[in-house]
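Peer 1: Provided below are the primary sequence and the corresponding predicted coordinates.
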Amino acid sequence: MLRVMSRRGDDRVTWDVQKVLEGDPEATAAVREAERIFAQERARGATAFRTDPGKPTQRIEQFDKTAEQIVLVPRVVGG
Amino acid sequence: MSLITQVLPTLGWIVIALVITPMVWLIIQPYFKGILRAQRRAADLLRDVLTPEQLRQLTWSGYLDIPSSTEPRRVYRVPMTKGFVQVVENGRIVMRLCVQPGEYLPDADVVALHKLMIEADEENYLLRANKYLCID
C-alpha cells in the first residue's frame, strides 16, 4: 500500500503483490499508478519510508512494489 | 398598531433566519465533514506506524519519546499537538527543535512524520530543524 500524507489525512493506493506477480491487469495498473504518484511526490521533495510491521522503518529512494506499506511524507522545513 | 409594527419585522427576520440556516449548513457541511475525515484518516495512519507501547504513551502522556539511532542517551519528545520537539539527553532537555511540513497536515500526520523521520532519516531531520538550545 502507498500512503501519501496530505491535508486530506492520507491518500492511498493499494495492490496485491501476489496478483501483480500473476499478471492481473487491475493489480498491475494499481502498481503503475502508485509508481507514478511515488515519482511525482519525490520530485516535489517528499521523503519515502517503508514501514513493514515488526521491522525498523526504512527510508527508501526507489519504489518497491513488494513493500507492505510505503508512506510518503511531504517536504519539511524548519519552523 | 405600534405593537404590530414592532413584531412583524422581528417575525420576518426569524423566518429569514429559519430559511437561510439550513442553506448555509448545506454549504459548509462538506467542509466540516472533510476536516473530520482527514483527522480520522491521519489517526489511522498514526496507529499503523506506532508500536502498541508508543500508542499507549502518546495517549496517556500526550507525547511520544523516540530514541535516537545515533546518540544512545538521546530521546526526541514529540508532542501530540503542535509545538516544539524536545531533545532530552540524560533526562535533561538540551534543545528544542522546530520542524514542520511544508503544507498543512492534520496533527496525527505531523506526529507520524516526526516518528518516521527521526527513526529512519535522523540526520536529514536535524539538518532541516531550527534548533533552540536550552541553557540552564
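Peer 2: Cool, the structure landed.
Peer 1: ok, the most centrally placed residue in chain B - contacts?
Peer 2: Closest to where the C-alpha atoms of chain B average out (Cα atoms, centre = their mean) is residue B:107, at 2.1 Å. With contacts defined as Cβ atoms under 8 Å, 6 or more residues apart in numbering or on different chains, residue B:107 is in contact with B:39, B:42, B:80, B:81, B:82. Just so you know, the C-beta spots here come from the backbone N, C-alpha and C atoms, and that holds for glycine as well.
Peer 1: Filter those residues down to just the ones in helices.
Peer 2: Filtering the contacts of residue B:107 for membership in helices, criterion DSSP state H, returns B:39, B:42.
Peer 1: sorry, back to before: against chain A, how distant is the residue nearest to the centre of chain B?
Peer 2: The spacing between residue B:107 and chain A, counted by Cβ to the nearest Cβ, to the nearest Å, is 11 Å.
Peer 1: What's the local residue count around the residue of chain B found nearest chain A?
Peer 2: Per Cβ to the nearest Cβ, the residue of chain B with the smallest distance to chain A is residue B:41, at 2.7 Å. Taking other Cβ atoms under 10 Å in any protein chain shown as the neighbour definition, residue B:41 ends up with a count of 21.
Peer 1: Now it. Nearest residue, chain neighbours left out?
Peer 2: If the residues on either side of it in the chain are set aside, residue B:41 comes closest to residue A:9, at 2.7 Å by Cβ to Cβ, 6 or more residues apart in numbering or on different chains.
Peer 1: Same question for residue A:67.
Peer 2: Using Cβ to Cβ, 6+ apart, the closest residue to residue A:67 is residue A:50 (4.7 Å).
Peer 1: show me what contacts the one you found?
Peer 2: If a contact means Cβ under 8 Å, 6+ apart, then residue A:50 has A:57, A:58, A:59, A:60, A:64, A:67, A:69, A:70 as its contacts.
Peer 1: Now the buried members of those.
Peer 2: Neighbour counting with 16 or more other Cβ atoms under 10 Å in any protein chain shown marks A:57, A:58, A:59, A:60, A:67, A:69, A:70 as buried within these.
Peer 1: Widest-spaced pair of the residues you listed?
Peer 2: Of all pairs drawn from these, the greatest distance, 13.8 Å, lies between A:59 and A:69 (Cβ to Cβ).
Peer 1: Confirm that residue B:25 sits in a strand.
Peer 2: No. Using DSSP: H, G, I helix; E, B strand; the rest coil, the secondary structure at residue B:25 is helix, not a strand.
Peer 1: tell me the pLDDT at it?
Peer 2: Note on residue B:25: pLDDT of 85.
Peer 1: how many neighbours does it have?
Peer 2: 10.
Peer 1: So in terms of bridging, what pairs with whichever residue of chain A sits closest to chain B?
Peer 2: Ranked by Cβ to the nearest Cβ, the top residue of chain A for proximity to chain B is residue A:9, at 2.7 Å. When bridges are assigned using DSSP bridges, the partners listed for residue A:9 are residue A:6.
Peer 1: Quick check: pLDDT value at it.
Peer 2: According to the prediction, residue A:9 has pLDDT 84.
Peer 1: Repeat that for residue A:12.
Peer 2: Confidence per residue is given as pLDDT, and for residue A:12 that number is 92.
Peer 1: Much appreciated, bye for now.
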